[in-house]
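Colleague: what shape does this take:
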Amino acid sequence: MKNLFEFRAVEFAEKVHTSIWYESAFKHNPYLTDQLYCHGEAIIDLMSSHSFDEYLFFLLTSKFPTQNQKKIFNALLIGISNVGLRHPANRAVIIAAASKTYSQNLLPIGLSILGGSYLGADEVLSSMKWISKNKHRNPKDLIFENQSSLIQANDLEKSQEHVFPGFGRQFDGVAPWPKRLSKKLISIGEEIPHLLFCEQLVFFLEEQDNSGWLITGLAAATLLDLGFHWKSGAILFQLLATPGLAASSLEMSEKDYTSLPFIAEENYILTTSK
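Modeller: The predicted structure is shown next:
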């Protein structure tokens, strides 16, 4: 009896094909790798001819960055390498590490949180898609069209909701760090239409709604200006923010749960579902 694939006449590739990577076989044992190549360039040569940020950009895009792209990419690598202690992903790895979770499981824990929709990779993807769609619109028109949603978000219980993905309020206020980082990126970059569009949007958001840049929106606009497609946003945000999670994991693995605050019962707010 034919299986489903044979019945549908599905043809499979004989080998996995990739234009990213090539491994030349060792002549005395073809199961072993002798040389590595990335987009046709020998890894052994790239080690001495390019910096890591240049190589990473090349690995992801098949092209070495221009001087403008290199400045922006390097600044972004540093700026979002650690999403901060207030981010739930960082808090998750800190608690897990101090609780003596196996070290090989700490990064997966942090990345699973970092992949979420709240200040996470899912929001970066949504933000890149939204910016790509609306970058030619007038920011004032966008705010006017969403005025009712912005008014609803003024409710304290909804103040963490983001009317435009990647933009909004944190703890009922404008987050100052993404705003500061955006100024830096704009000051060093050229040909940055997505950052400039979002900066205009943020100007009116701050004025009318007391909201502004979130780290997810900033990462989204910068990645678009670097030439990345919106579909790559989720993966790239997790990749670029991993060093901070790793650093927190390494630091807290040397400590135990007594290094964390003990939250007394009176500091918990218990709610019941309606």
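Colleague: tell me where the stretch 1-150 of the chain has strands.
Modeller: Residue ranges of the strands in the stretch 1-150 of the chain, as given by DSSP state E, counting those that start in this stretch, are 21-26, 29-38, 41-42.
Colleague: just those strands: most buried one?
Modeller: Neighbour counts (mean count of other CB atoms under 10 Å) averaged over each of these peak at strand 41-42, with a mean of 16. Where you see a C-beta, it was placed from the backbone N, CA and C, and this is true even at glycine.
Colleague: what segments of this structure are helices?
Modeller: With DSSP state H as the definition, the chain shows helices at residue ranges 4-7, 43-49, 52-61, 67-79, 88-98, 106-114, 121-134, 139-145, 147-152, 176-188, 193-209, 215-225, 233-253.
Colleague: hey, which of those helices is tucked in deepest?
Modeller: Comparing the helices of the chain on average neighbours per residue, with mean count of other CB under 10 Å, the densest one is helix 215-225 at a mean of 27.
Colleague: got the angle between it and helix 176-188?
Modeller: Interaxial angle of helix 215-225 relative to helix 176-188 (axes from the mean of the first three to the mean of the last three CA atoms, to 10 degrees): 20 degrees.
Colleague: including distance to residue 25 and mean pLDDT, could the helices of the chain go into CSV?
Modeller: Converted to CSV, these look like this (distance: least, CB to CB, whole Å; pLDDT from 0 to 100):
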stretch, distance to residue 25, mean pLDDT
helix 4-7, 30, 59
helix 43-49, 15, 97
helix 52-61, 22, 96
helix 67-79, 34, 96
helix 88-98, 39, 95
helix 106-114, 32, 95
helix 121-134, 36, 96
helix 139-145, 55, 88
helix 147-152, 58, 65
helix 176-188, 44, 95
helix 193-209, 43, 92
helix 215-225, 36, 97
helix 233-253, 29, 95
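Colleague: dump those helices to JSON lines, plus distance to residue 167.
Modeller: Compiled in JSON lines, these are given as follows (distance: least, CB to CB, whole Å):
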{"stretch": "helix 4-7", "distance to residue 167": "46"}
{"stretch": "helix 43-49", "distance to residue 167": "38"}
{"stretch": "helix 52-61", "distance to residue 167": "25"}
{"stretch": "helix 67-79", "distance to residue 167": "17"}
{"stretch": "helix 88-98", "distance to residue 167": "19"}
{"stretch": "helix 106-114", "distance to residue 167": "19"}
{"stretch": "helix 121-134", "distance to residue 167": "8"}
{"stretch": "helix 139-145", "distance to residue 167": "10"}
{"stretch": "helix 147-152", "distance to residue 167": "11"}
{"stretch": "helix 176-188", "distance to residue 167": "9"}
{"stretch": "helix 193-209", "distance to residue 167": "6"}
{"stretch": "helix 215-225", "distance to residue 167": "5"}
{"stretch": "helix 233-253", "distance to residue 167": "15"}
